[in-house]
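**Q** here's a sequence, model it:
(2 chains)
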Amino acid sequence: MISNYLVLSAALFAVGAFGVLARRNLLIMLMSVELMLNGVNVALLAFARHWGSAGGQHGQVFVIMVMGVAAAEVAVGLAILIAVFRNKKTVDTGDLGSMKG
Amino acid sequence: MGIDPVFALAAAVSVVSGLMTVTRRNPVYSAVWMLACFIALAVVYLRLDAPFLAAMHVLVYTGAILVLFLFVIMLLNLKPEEFPPEPSLPAKGVCALLCLGLFGLLAVPMWFAAVELQGGTIDAKGPAFGGVEYVGEALFGPYALPFELMSVLIMVAIFGGVVLARRKAA
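**A** Numbers count the residues shown, from 1 in each chain, chains lettered A, B, ... in the order given. All right, here's what the predicted structure looks like:
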């Protein structure tokens, strides 16, 4: 049964990766990163459930850690997005090349 | 090996709404599709016998992260003509191929590794798996220090968010 969950996790990760690669809207790129983190969470929980009493707690603690990091990441990411929009009036990654060498 | 129908439905909903999230042009539609994706994932967590994590998932992702996204979308107030131009179709195709390759690279080895796992161990979970007590014992026992460090991380994120998004004093 664990295989099905791992394939779902890989699918979510790939969908998120597509969003990060193929979109130019910063907001949607951040949402795609959230999808990738969720894919990882599904895999962690599936393994925790598989190993059951031997390691079930550890996997679930990892999922909680990922959730906490995701919350922190999205707060800082959206703050950066607001700062960028305030200065440049755009959310297009193609317009944000001012640090290009 | 039979597939649990509830899991199959939830997985299909989450992947399809994930795809809709990353392909919508308007970020508001993306956010609403992401809501569907997160709810379906909560169902997946419930099928994995983790009600505590399912509740935390709904609280954190739909309750905090999604609301934050919607707030920012509202703050920016982008008009449709201000949406960034999309990459050309060939560029998107290359990205799609890359991601399909990534999916294969992740899914195929995991599928076979998991088949071996299934032969190696019993699928026992114990009666308390997924409850608040079960997770909390680990969180406040061996993982107490990482747990406290995470609160420091979130506090830093709060300060960072305020400092970054604050209007510059003229």
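**Q** list the residues that contact residue 64.
**A** Assuming you mean chain A. Counting by C-beta atoms under 8 Å, 6 or more residues apart in numbering or on different chains, A:Ile64 touches B:Leu53, B:Met56, B:Val135, B:Leu139. C-beta: built from backbone N, CA, C; applies to glycine.
**Q** please go with chain B instead
**A** Contacts of B:Ala64 (C-beta under 8 Å, 6+ apart): A:Ala71.
**Q** doesn't it lie inside a helix?
**A** Yes - inclusion of B:Ala64 in a helix is indicated when DSSP: H, G, I helix; E, B strand; the rest coil is applied.
**Q** what's the pLDDT at it?
**A** As predicted, B:Ala64 sits at a pLDDT of 91.
**Q** re earlier: how about the contacts of A:Ile64 in JSON lines, adding secondary structure and neighbour count?
**A** Formatted as JSON lines, the contacts of A:Ile64 follow (DSSP: H, G, I helix; E, B strand; the rest coil; neighbours: other C-beta atoms under 10 Å in any protein chain shown):
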{"residue": "B:Leu53", "secondary structure": "helix", "neighbour count": "24"}
{"residue": "B:Met56", "secondary structure": "helix", "neighbour count": "21"}
{"residue": "B:Val135", "secondary structure": "helix", "neighbour count": "25"}
{"residue": "B:Leu139", "secondary structure": "helix", "neighbour count": "19"}
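**Q** filter those residues by proximity to chain A?
**A** B:Leu53, B:Met56, B:Val135, B:Leu139 (C-beta under 8 Å from any C-beta of the partner chain).
**Q** from memory the second one sits against A:Gly68, does it?
**A** No - under the criterion of C-beta atoms under 8 Å, B:Met56 makes no contact with A:Gly68, lying 9.8 Å away.
**Q** in the longest helix along chain B, what counts as buried?
**A** When chain B is parsed with DSSP state H, its longest helix is helix B:89-120. Going by neighbour count (16 or more other C-beta atoms under 10 Å in any protein chain shown), the buried part of helix B:89-120 is B:Lys92, B:Cys95, B:Cys99, B:Leu102, B:Phe103, B:Leu106, B:Ala107, B:Met110, B:Ala114, B:Leu117.
**Q** show me what contacts the second one?
**A** Neighbour list for B:Cys95: A:Phe18, A:Leu21, A:Ala22, B:Pro87 [criterion: C-beta under 8 Å, 6+ apart].
**Q** so what's the last one up against?
**A** The neighbours of B:Pro87, taking C-beta under 8 Å, 6+ apart as the test, are A:Ala22, A:Arg23, A:Arg24, B:Cys95.
**Q** what's the weakest-modelled helix or strand in chain B?
**A** Across the helices and strands of chain B, mean confidence by mean pLDDT, DSSP states H and E is lowest for helix B:89-120: a mean of 82.
**Q** how deep is A:Lys100 tucked in, by neighbour count?
**A** 5 (other C-beta atoms under 10 Å in any protein chain shown).
**Q** confirm that it sits in a helix.
**A** No - A:Lys100: not assigned to a helix; according to three-state DSSP it is coil.
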